[in-house]
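Peer 1: Fold the following for me, if possible:
(one chain, ligands or ions: 1)
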Amino acid sequence: MTRALRDQEKTGHWDLEALELALRSSMHSIGGVLLEKLMNSDVGGYGGPRIDCGQGHPAEFVEYRRKEVLTVLAGVEVERAYYYCQVCGGGVIPKDQELDIVGTCFSPGVRRLMGRVGGKDSFDQGRKDLEELAGIMVKTKAVERVSEALGEQIERTSQRERELALSGKMVSFQPAPLLYIALDGTGVPVVPRETEGRSGKDPTGKAKTREAKLGCVFTQTKVDDQGHPVRDPASTTYVGAIETAEALGRRIYAEAIRRGLTRAAKVIVIGDGAPWIWGIAEEHFPGAIQIVDLYHAREHLANLAKMVYEADSVRSKQWLAARLEELDAGEIEAVVTSLRRLRPQDRTVQDRTGKAIDYFQTNRQRMRYADFRRQGLFVGSGVVEAGCKTILGQRLKRSGMHWTVRGANAIIALRCCQMSGRWEEFWESRSVRNG
Ligand SMILES: [Zn+2]
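Peer 2: Residues are numbered from 1 along each chain as shown. Here you go, the predicted structure:
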């Protein structure tokens, strides 16, 4: 700091930026000294020659041990009483538990910042941001480890929530007039060992990705002047993981309960045509209104029009326009009749047409769009698709990224927590448990 001041005196020019950073760094040092004093102002967690190890055994006091802990201010040294339990065969350090630094050299404040940047961007970018924004210097690998550990902790919390919800012990905290559950999936690039024995769309026939499933819950209270549905501001929360539909079903069910499922006037499940989505709807949300995303249905017709007729031809356009009109009106039987009349010569086109007929037949009750609109409901799954892009795509599908399922799931949990506005809540519940 003194050098920055001296330079400024010598040249007569302000270099405010250099001065700010120099001052921040010395404030941090001063703060670090104060903090270190505070942290060592007690007996270091000494509780007599013998304490309970936490598993009901006596642990003997061995000695005081020092540990360097990186805090938001500076690195500090803290002295802690170290106990040893013969039965567990491990050390017990009450002071570490008290300070929330068990098995880590990073203070909770630093870990919180690491989790914040690690959830936002690549771990290396996170490291750079930490240095620039907070003057905290750590290794990229540390950002990764801490972020993943936090994600796993969040997952354990949500596991407890799931158990409560599934055993009927969780109460919906707010009434929601219309509660939407939107589901979607997207491929996340993984390391080769995570796709062993799985076939994929790659030309080599090998899978390079695993499907991450994402579910979001949002509410709607009103429609606008034109009768279009309006999503309640900041009402969207997310859950997701690379896991089976069965597991995701329980996950989204618990989230829906937490968000007011049992007190909702209407429950709506929206998704594309993927069968797993409707499986979850049948199992966990019986009686819910099921809606196939209108835009996916439109795309099916548009693709077919291009295959059956010459692309961009007048006939192709006319045919498509007529079908879209039927679709919008929810007259799916009319769409199916028109599809049956096509009778293409080409085998591939025949095959595609047959599949389209199945798709519209199977989903016809989920495509009564005119009726849904009359009820003022959303007919698109744009919310969850945007969620797939922001929560999963922007963080996990960047070029050069290859995840383990465990690592990806930790970061998905971390991001879902942050994007659902539950990050603060997570840290509060941690300090309650520790305190
Ligand atoms: Zn023990």
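Peer 1: all helices in the stretch 201-350 of the chain, in order from the N-terminus.
Peer 2: With DSSP state H, counting those that start in this stretch as the definition, the stretch 201-350 of the chain shows helices at residue ranges 245-258, 275-284, 294-308, 314-328, 332-341, 347-362.
Peer 1: Ok, which of the ones you listed comes nearest the ion?
Peer 2: Evaluated with C-beta to the ion, the helices of the stretch 201-350 of the chain place helix 245-258 nearest to the ion, the distance being 33.5 Å. The way it works is simple: take the backbone N, C-alpha and C, and place the C-beta from them, glycine included.
Peer 1: Spell out which parts of the chain neighbour the ion.
Peer 2: Proximity of the chain to the ion is assessed by C-beta under 5 Å from the ion, with 53, 55, 57, 85, 87-88 identified as the residues in range.
Peer 1: want to try a markdown table for these, with neighbour count and secondary structure as columns?
Peer 2: Conversion of the residues of the chain next to the ion to a markdown table gives the following (neighbours: other C-beta atoms under 10 Å; DSSP: H, G, I helix; E, B strand; the rest coil):
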| residue | neighbour count | secondary structure |
| --- | --- | --- |
| 53 | 19 | coil |
| 55 | 11 | coil |
| 57 | 13 | coil |
| 85 | 19 | strand |
| 87 | 11 | coil |
| 88 | 13 | coil |
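Peer 1: which of the helices of the stretch 201-350 of the chain is buried the deepest?
Peer 2: Per-residue neighbour counts averaged over each of the helices of the stretch 201-350 of the chain give the maximum for helix 245-258, namely a mean of 21 (mean count of other C-beta atoms under 10 Å).
Peer 1: Now do the same contact list for the spatially closest residue to residue 278 that is not a sequence neighbour.
Peer 2: Counting by C-beta to C-beta, 6 or more residues apart in numbering, residue 290 is the residue found nearest to residue 278 once chain neighbours are left out, at 6.4 Å. Counting by C-beta atoms under 8 Å, 6 or more residues apart in numbering, residue 290 touches 268-269, 278, 281, 365-366.
Peer 1: now the residue in the stretch 151-300 of the chain positioned nearest to the ion: how far from residue 429?
Peer 2: Closest to the ion within the stretch 151-300 of the chain is residue 156: 21.8 Å, counting by C-beta to the ion. Here residue 156 is placed at a distance of 11 Å from residue 429 (C-beta to C-beta, to the nearest Å).
Peer 1: and if you look at residue 105?
Peer 2: Applying C-beta to C-beta, the value for residue 105 to residue 429 is 23 Å.
Peer 1: swap in residue 85?
Peer 2: 28 Å.
Peer 1: Mind putting the contacts of residue 290 into a markdown table with pLDDT and distance to residue 308?
Peer 2: Output for the contacts of residue 290, formatted as a markdown table (pLDDT from 0 to 100; distance: C-beta to C-beta, whole Å):
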| residue | pLDDT | distance to residue 308 |
| --- | --- | --- |
| 268 | 97 | 33 |
| 269 | 97 | 32 |
| 278 | 96 | 28 |
| 281 | 97 | 32 |
| 365 | 96 | 26 |
| 366 | 97 | 24 |
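Peer 1: Same list, those residues, but as a markdown table with distance to residue 214 please.
Peer 2: Shown next, in a markdown table, are the contacts of residue 290 (distance: C-beta to C-beta, whole Å):
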| residue | distance to residue 214 |
| --- | --- |
| 268 | 17 |
| 269 | 14 |
| 278 | 16 |
| 281 | 15 |
| 365 | 24 |
| 366 | 20 |
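Peer 1: show me what contacts residue 155?
Peer 2: Applying C-beta under 8 Å, 6+ apart, the residues near residue 155 are 409-410, 413.
Peer 1: Specify which member of those residues is nearest to the ion.
Peer 2: Using C-beta to the ion, the shortest approach to the ion within the contacts of residue 155 belongs to residue 410, at 28.6 Å.
Peer 1: Now the closest one: which helix or strand?
Peer 2: With the criterion set as DSSP states H and E, the secondary-structure element containing residue 410 is helix 405-419.
Peer 1: quick one, the lengthiest helix in the chain and helix 405-419 angle?
Peer 2: Once the chain is assigned using DSSP state H, the helix that runs over the most residues is helix 140-166. For the pair helix 140-166 and helix 405-419, the angle between their directions (axes from the mean of the first three to the mean of the last three C-alpha atoms, to 10 degrees) equals 70 degrees.
Peer 1: Helix 140-166 to helix 245-258, inter-axis angle?
Peer 2: Regarding helix 140-166 and helix 245-258, their directions subtend 70 degrees when assessed with the same axes, to 10 degrees.
Peer 1: Buried residues, helix 140-166. List them.
Peer 2: The neighbour-count check on helix 140-166 (16 or more other C-beta atoms under 10 Å) flags 142-155, 157-158, 161-162, 165 as buried.
Peer 1: Give me the spatial nearest neighbour of residue 184, chain neighbours excluded.
Peer 2: Skipping the residues right next to it in sequence, residue 184 comes nearest to residue 384 by C-beta to C-beta, 6+ apart, at 4.4 Å.
Peer 1: Contacts only, for that neighbour.
Peer 2: Residue 384 sits next to 182-184, 214-216, 270-271 when contact means C-beta under 8 Å, 6+ apart.
Peer 1: Looking at these, which are in strands?
Peer 2: 182-184, 214-216, 270-271 (DSSP state E).
Peer 1: now, the most widely separated pair of those?
Peer 2: Spatial extent of the ones in strands among the contacts of residue 384 (C-beta to C-beta) is set by the pair 214 and 270 at 12.7 Å.
Peer 1: okay, those two: which has more neighbours?
Peer 2: For the pair residue 214 and residue 270, the greater number of neighbours falls to residue 270 (29 against 23), based on other C-beta atoms under 10 Å.
Peer 1: Give me the pLDDT value at the more buried one.
Peer 2: What the model reports as pLDDT for residue 270 is 97.
Peer 1: do residue 158 as well
Peer 2: Predicted confidence (pLDDT) for residue 158: 94.
Peer 1: hang on, residue 103 is in a strand, isn't it?
Peer 2: No: counting by DSSP: H, G, I helix; E, B strand; the rest coil, residue 103 is located in no strand; its state is coil.
Peer 1: Thanks again, I'm all set now.
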